[in-house]
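# show me the folded form of this:
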Amino acid sequence: MDYNAAAAAYASGASGMDGQDSPFHPSYEDRGPTAPDRMFTAVAPETIQHLILAWHEHLSRHRSPRPDVVHVHHLSHLQSSVRRAYPGHRVITTLHGTDLKLLDQAQHISRFAARLGTPLTTLSAACAVPEHKQAILDRFLRDLDDLTDEERALAHATDWRLWPYADLWSVQMKRYARQAGHIVVVSESDRTEVDRLLGIAGDDVTMVPNGVDTTRFVPLNLTDEQRMAHLRRWLVENPRGWAPDQDPGSISYTEADLARLTDDSGRLRPLLLWVGRFQKVKRLDILLRAFAAVLKTANPTPALLLWGGYPGEAEGEHPQTTAQRLGIDRHVYFIGWRGHDELPQGLNCADIMVAPAVNESFGMVYIEAQACGTPPIATNTGGPASIITSQGESANGWTVNPDDERDLAATLSTILTDPEEQAQRAANAVRHAHRSYSWTTAANCYQELYEELAQAEGPTPRTQAW
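Reported below is the predicted structural model:
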């Protein structure tokens, strides 16, 4: 769908969705106040209906003449559009976790608003002016004696402007699930979430994990000189790290800073790599505190490379501020937001990839790290819990308890003293990723599913129950 007209309308002050022939698709995440693709839960019902009709027209105009299967990604208004454009045809919908996480948040916020006895649209409108938000919420919360301190803090932390239609969207998501045909998820944890949030039994859901390009994500066996050359390019020659409220490149480094990455013998210090966005769910603050504890006793002393952080997007305290407050900023290096094409080199420059996010639906970066021979550390939650084997002869990484900086620090300290175990897990990780998570493996799974559904008689099996 061509969004140019919608982009031009939005740039001139109009809506990029309402009234547009090719409206922007809403987002499952808060893209910020300047983004044209506002979050689903902030999209009014009449706009959702407009999106359904616009996509129905688009799909009808460009439809395949004799389709066997229609494959849709994510749960959205597209399920309704596809059912209208391809009536009677088999449909597969792959859920990727962002849609399930939004539904989970929407249901939670809807229940909380019900306890307040206040419509979400009223809360959203009342909190439209940030300066008045605290006083307004205090008035709403005043008579609720059974609220915990945590719930009151959550009420003040929530940006209610994003959730005026959370209750309606929760209902719509379940309607779209009834039109979704055969459901595919990318991890076992998402299979459980589909049952919990949508009431679709796990036996009626197929699990097909995401795949990694195993022709690009491979061990490069870089020398220290080659690794240092990459680091020099990212940190000194073309810096992209950004300080709070500043542009990419505002965090830059000198040759002297780069020299601190080597020990007294001139060898690179152990390099830990974190990859992601500066979101609370990524638990970068937990990692920084654990890293601070490790620095007190570790020998040799590691350095931490932070790869990512979308420019201008930081939930909570900016990690540079956290590192400075903890007194570890001389050991933390901000590489910044880079293209995915550079990530194989980034992963190969590190000894360990550590990302203690909680309840990741899948976690592509963990298998990308494994494919490069950089064993990962993750929490024992969500998709990574099934990707990573942390015990036994086939161990290919490590898992730690969620939100447990002591466990993370202890694990890091143990890893840094056992290079032989690192090497063994690295070799296991490469075999595991290339055997189980290649694009070929994922494509073969989908082809088998397409053929099975195309040859079956009657309606799509799961939809008979609806």
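# domain assignment for the protein?
Annotated domains of the chain cover 1-211+438-466, 224-437 [automatic domain parsing].
# per-residue pLDDT, Gln464?
pLDDT, Gln464: 31.
# which residues in the stretch 151-300 of the chain form strands?
Counting by DSSP state E, counting those that start in this stretch, the stretch 151-300 of the chain has strands at residues 182-185, 205-207, 271-276.
# of those strands, which approaches Pro87 most closely?
Closest of the strands of the stretch 151-300 of the chain to Pro87 is strand 182-185, at 16.9 Å (criterion: Cβ to Cβ). For glycine as for every other residue, the C-beta is placed from the backbone atoms N, C-alpha and C.
# run through who's touching that closest one.
Strand 182-185 has contacts (Cβ atoms under 8 Å, 6 or more residues apart in numbering) with 90-95, 177, 191, 193-194, 200, 204-208, 449, 453, 460-463.
# and for stretch 62-76?
Residues contacting stretch 62-76 (Cβ under 8 Å, 6+ apart): 25-26, 28, 40, 78-79, 82, 85-86, 89-96, 98-100, 103, 173, 176-177, 180-181, 446, 450, 453-454.
# kindly supply the ChimeraX command isolating those of these that are buried.
In ChimeraX, a selection of the buried entries from those looks like this (16 or more other Cβ atoms under 10 Å):
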select :25,26,28,40,78,79,82,85,86,89,90,91,92,93,94,95,96,99,100,103,173,176,177,180,181,446,453
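# what about the contacts of stretch 62-76, which are in helices?
Those of the contacts of stretch 62-76 mapping onto helices are 78-79, 82, 85, 98-100, 103, 173, 176-177, 446, 450, 453-454, per DSSP state H.
# what's the average pLDDT for stretch 372-382?
Stretch 372-382 shows an average pLDDT of 96 in the prediction.
# and that stretch, end to end?
Terminal residues of stretch 372-382 are spaced 22 Å apart (Cα to Cα, to the nearest Å).
# remind me which residues of the protein are low pLDDT?
Residues of the chain that meet the criterion pLDDT under 70 lie in 33, 457-466.
# at 50 what do you get?
Within the chain, the segments meeting pLDDT under 50 span 461-466.
# farthest from the middle of it: give me that residue.
Going by Cα atoms, centre = their mean, the residue of the chain most distant from its centre is Ser265, 39.3 Å out.
# gap between that residue and Asp224?
Using Cβ to Cβ, to the nearest Å, Ser265 is found at 11 Å from Asp224.
# that older thread, quick one, which of the strands of the stretch 151-300 of the chain gets closest to Tyr437.
Tyr437 lies closest to strand 205-207 among those, at 12.7 Å (Cβ to Cβ).
# parallel or antiparallel, list what pairs with the closest one.
Partner strands for strand 205-207, per DSSP bridges, with pairing direction: strand 182-185 (parallel).
# can you show me the CA trace of the strand it pairs with as PDB?
Extracted C-alpha coordinates of strand 182-185, given in PDB (Å, rounded to 0.1, in the frame of the first residue of the first chain):
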ATOM      1  CA  HIS A 182      -5.200 -21.300  11.500                       C
ATOM      2  CA  ILE A 183      -3.000 -19.600  14.100                       C
ATOM      3  CA  VAL A 184       0.800 -19.800  14.000                       C
ATOM      4  CA  VAL A 185       3.100 -18.600  16.800                       C
END
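# what would the strands of the stretch 151-300 of the chain look like in TSV with mean neighbour count and distance to Leu326?
As requested, these are exported to TSV (neighbours: other Cβ atoms under 10 Å; distance: least, Cβ to Cβ, whole Å):
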stretch	mean neighbour count	distance to Leu326
strand 182-185	24	38
strand 205-207	18	40
strand 271-276	24	15
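# a markdown table please, covering these and showing distance to Asn238.
Shown next, in a markdown table, are the strands of the stretch 151-300 of the chain (distance: least, Cβ to Cβ, whole Å):
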| stretch | distance to Asn238 |
| --- | --- |
| strand 182-185 | 38 |
| strand 205-207 | 40 |
| strand 271-276 | 18 |
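# who wins for proximity to Ile286 among these?
Nearest to Ile286, of all the strands of the stretch 151-300 of the chain, is strand 271-276, at 10.8 Å by Cβ to Cβ.
# helices or strands next to that closest one in the packing?
Counting contacts by 3 or more Cβ pairs under 8 Å, 6 or more residues apart in numbering; DSSP states H and E, strand 271-276 packs against helix 284-295, strand 303-308, helix 343-349, strand 352-354, helix 364-371.
# for the next helix or strand after the last one, which outside residues touch it?
Read in the C-terminal direction, the helix or strand following helix 364-371 is strand 376-379, with elements assigned using DSSP states H and E. Applying Cβ under 8 Å, 6+ apart, the contact partners of strand 376-379 are 283, 352-358, 360, 363, 365-366, 369-370, 384-385, 387-388, 397-403, 408, 411-412, 415, 429.
# tell me which of the domains of the chain is the most buried.
A comparison of the domains of the chain by mean neighbour count, using mean count of other Cβ atoms under 10 Å, puts domain 224-437 on top with a mean of 19.
# so how far is that domain off the chain centroid?
The chain centre lies 16 Å from the centre of domain 224-437; the measure is Cα atoms, centre = their mean, to the nearest Å.
# ok, back up a step: nearest to Arg161, out of the strands of the stretch 151-300 of the chain?
From the strands of the stretch 151-300 of the chain, taking Cβ to Cβ, the stretch that ends up closest is strand 271-276, at 25.4 Å.
# neighbouring strands for that closest one, and are they parallel or not?
strand 303-308 (parallel), strand 352-354 (parallel).
# just the helices in the stretch 1-150 of the chain please.
4-11, 45-61, 78-85, 98-116, 120-126, 130-141, 149-157 (DSSP state H, counting those that start in this stretch).
# adding distance to Asp329 as columns, could you present these in a markdown table?
Listed next are these as a markdown table, based on distance: least, Cβ to Cβ, whole Å:
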| stretch | distance to Asp329 |
| --- | --- |
| helix 4-11 | 39 |
| helix 45-61 | 45 |
| helix 78-85 | 45 |
| helix 98-116 | 32 |
| helix 120-126 | 39 |
| helix 130-141 | 30 |
| helix 149-157 | 27 |
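# Thr47 contacts Gly19, doesn't it?
No. The pair Thr47 and Gly19 does not pass the contact test of Cβ atoms under 8 Å, sitting 9.2 Å apart.
# can you tell me the closest non-neighbouring residue to Val430?
Gly373 (4.9 Å; Cβ to Cβ, 6 or more residues apart in numbering).
# also Ala54?
Excluding its sequence neighbours, the residue lying closest to Ala54 (Cβ to Cβ, 6+ apart) is Pro23, at 5.4 Å.
# my read: that neighbour touches Ala6, true?
Yes. With contact defined as Cβ under 8 Å, Pro23 reaches Ala6; the gap is 5.8 Å.
# okay, and the common contacts of the two?
What both Pro23 and Ala6 touch, as defined by Cβ under 8 Å, 6+ apart, is the set 16-17.
# joint contacts of Ser265 and Asp224?
Residues touching both Ser265 and Asp224 by Cβ under 8 Å, 6+ apart: none at all.
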